[in-house]
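Asker: Quick one, what's the 3D model for this:
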Amino acid sequence: MAGATSFVVQTRSAARAARELAAALPRVARPAGALVFASGALAESADALARELAAAAPGVPLLLATGAGVLTERGEVENDSAAAGVIWAGGRTEVLSITAAGADEAMEGLARALTDRSATSAPTALSFVRPEGFSPASLEPLWSARVTPHLFGAGTTGVDPICIDAEGRLTSGRAAALLIRGLSAPVIRSSPACRLLSPLRRITETRGALVTRIEGEPALDALSAVGEALAGQPLVFAVLGEGDPGEGRPALLVRAVQGVDPVRRGLLISDEVREGTLMAFAVRDPARARADLEAAARDALRTAAGAAPRFGIYVSCAGRGAALYGSPDVDTKILRSRFGDMPFAGLASSFEIAPHAGRASLQLYTGVIALFSAPS
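Answerer: Residues are numbered from 1 along each chain as shown. Got it, this is the predicted structure:
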């Protein structure tokens, strides 16, 4: 039997989706946990789907999250009602829901729950969150609590994620997490779908979330200079980076330019900006997105050398897919070319959460790969 398997089905029927899960379970020896993603009509009827899944997989802890689309190593399903999932053996899986009035309160609750469960270990935590009111600052409680460094996840389509524990009990909340112990910490890599319009340069002056100077140049002037060379009116993003701009493949965060200050010649970016942070400007670009995902997948596999990956999770911004590339299944073909038939599952998300500079961070227009292996 396999150490993991995936399934996917295009249907509006919760019962049929649950039958696909039930059919996949026997392919895994002693399933330890499962993730199921739903889109379209199935996402809208997530409560009914969760009840069917609970009956189909007794004794298996499971988390259900919704997205604009779903995917496996077989391909991507966009703009349709579908379910996809991955089931694995080995380790111990726990699910937990966080009930809260808003995004910040949900992350405070998640930080407390993870602190309670991470006292003697650092489990892998996959977290899914409703997007309303979520911002980069929402993750601050997780930084302050110094919970597990192995945390990633995504924003849903506005439906509460649902947990099913090993006893078949259903709980839901604004945020949910699936904790995995006993497997090796996953190799996580992020790949933004953007092309830099300028080299990464250091921010030399800020006022809160306002960047006023980049290497002495007024930030608004720097943006105007790169914009003059663009054809049409593409949306220009700010990109934040860490480390030495000349060393290797930089870790990047894509951020919207939220406003301008014509008096100070500054740009309103986010509370994350600091003097010394690297910054550039970028636009979405399909060719660069392909090349960077290929590099991220290659780097993930190289990092996992010596521990053959058992399964993977791929959360990908809903702004990627056919809307970016003009054709379907581009990202999944890249993953399959690198990882073969290894089981994968994922969703098209409203935002992504992945490590950046040692802590969980909000990602935009990004694909996040996580490779799981058995302990070496």
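Asker: hey, let's count contacts and neighbours off CA atoms from now on
Answerer: OK.
Asker: So residue 113 lies in a helix, does it not?
Answerer: Yes - Residue 113 forms part of a helix when assessed by DSSP: H, G, I helix; E, B strand; the rest coil.
Asker: Show the contacting residues for it.
Answerer: Counting by Cα atoms under 8 Å, 6 or more residues apart in numbering, residue 113 makes contact with nothing.
Asker: from now on call the first residue 19
Answerer: OK, 19 is where the count begins now, so the last one is residue 131.
Asker: Can you read off the pLDDT for it?
Answerer: With respect to pLDDT, residue 131 scores 90.
Asker: Next: the one 4 residues further on.
Answerer: The score at residue 135 is 80. That number is its pLDDT.
Asker: now swap in the one 10 residues further on and tell me
Answerer: Reading off the confidence values, residue 145 has pLDDT 96.
Asker: Return the set of residues that bridge with it.
Answerer: residue 171, residue 195 (DSSP bridges).
Asker: who's in contact with it?
Answerer: Contacts of residue 145 (Cα under 8 Å, 6+ apart): 169, 170, 171, 172, 193, 194, 195, 196.
Asker: For the stretch 69-218 of the chain, which segments are assigned as strands?
Answerer: All strands of the stretch 69-218 of the chain, identified by DSSP state E, counting those that start in this stretch, fall at 80-84, 87-90, 93-96, 100-107, 110-116, 142-147, 169-173, 180-182, 188-190, 193-199, 205-210, 212-214.
Asker: will you turn the contacts of residue 145 into TSV that also has neighbour count?
Answerer: Shown next, in TSV, are those (neighbours: other Cα atoms under 10 Å):
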residue	neighbour count
169	25
170	26
171	28
172	30
193	29
194	30
195	26
196	25
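Asker: Retrieve the pLDDT associated with the closest residue to residue 81 other than its chain neighbours.
Answerer: Nearest residue to residue 81, sequence neighbours excluded (Cα to Cα, 6 or more residues apart in numbering): residue 181, at 4.6 Å. pLDDT for residue 181: 98.
Asker: mind checking how far residue 181 is from residue 376?
Answerer: 28 Å (Cα to Cα, to the nearest Å).
Asker: which of those two has more neighbours?
Answerer: In this view residue 181 and residue 376 are compared by other Cα atoms under 10 Å, and residue 181 has more residues nearby, 27 against 10.
Asker: all helices of the chain, in order?
Answerer: Along the chain, counting by DSSP state H, helices occupy 32-42, 58-62, 64-74, 121-135, 158-163, 237-245, 304-321, 339-343, 348-357.
Asker: how about these, which one is nearest residue 104?
Answerer: When the helices of the chain are compared by Cα to Cα, helix 32-42 sits nearest residue 104, at 8.9 Å.
Asker: Low-confidence regions, the stretch 19-168 of the chain specifically.
Answerer: 19, 137-138 (pLDDT under 70).
Asker: count of residues packed around the closest residue to residue 381 other than its chain neighbours?
Answerer: With sequence-adjacent residues excluded and distances taken as Cα to Cα, 6+ apart, residue 381 is closest to residue 370, at 4.8 Å. For residue 370, the tally of surrounding residues (other Cα under 10 Å) stands at 27.
Asker: Residue 370 and residue 92: what is the separation?
Answerer: The value you get for residue 370 to residue 92, if Cα to Cα is used, is 22 Å.
Asker: show me where pLDDT drops low in the stretch 169-318 of the chain?
Answerer: 261-267.
Asker: Now with 80, please.
Answerer: 247, 249-251, 260-268 (pLDDT under 80).
Asker: Quickly note the distance from the nearest residue to residue 26 once chain neighbours are set aside to residue 343.
Answerer: Among residues not flanking residue 26 along the chain, residue 102 sits closest, at 4.1 Å (Cα to Cα, 6+ apart). Using Cα to Cα, we find residue 102 at a distance of 22 Å from residue 343.
Asker: Tell me which of these two has more neighbours.
Answerer: Neighbours per residue (other Cα under 10 Å) separate residue 102 from residue 343, with residue 102 holding more: 28 against 17.
Asker: And that one, how far from residue 24?
Answerer: 7 Å.
Asker: joint contacts of those two?
Answerer: With Cα under 8 Å, 6+ apart, residue 102 and residue 24 have common neighbours 90, 363.
Asker: Okay, domains of this protein per the record?
Answerer: 22-209+306-391, 212-302 (automatic domain parsing).
Asker: Most tightly packed of those domains?
Answerer: domain 22-209+306-391 (a mean of 21; mean count of other Cα atoms under 10 Å).
Asker: show me the contacts for the residue nearest to residue 372 when sequence neighbours are not counted.
Answerer: Spatially, and ignoring its direct neighbours in sequence, residue 372 is nearest to residue 170 (4.5 Å; Cα to Cα, 6+ apart). The contact partners of residue 170, taken as Cα under 8 Å, 6+ apart, are 143, 144, 145, 370, 371, 372, 373, 378.
Asker: One more pass at 6 Å, please.
Answerer: Applying Cα atoms under 6 Å, 6 or more residues apart in numbering, we find residue 170 in contact with 144, 371, 372.
Asker: What residues are bridge-paired with the last one?
Answerer: So that's residue 372. Under the criterion used (DSSP bridges), residue 372 bridges to residue 379.
Asker: Surely it touches residue 378?
Answerer: Yes - counting by Cα atoms under 6 Å, residue 372 touches residue 378, with 5.2 Å between them.
Asker: so how far is residue 170 from residue 69?
Answerer: 26 Å.
Asker: now swap in residue 381 and tell me
Answerer: For residue 381, the distance to residue 170 - Cα to Cα - is 10 Å.
Asker: Quick check: neighbours shared by these two?
Answerer: With Cα under 6 Å, 6+ apart as the test, residue 381 and residue 170 both reach residue 371.
Asker: Thanks again, I'm all set now.
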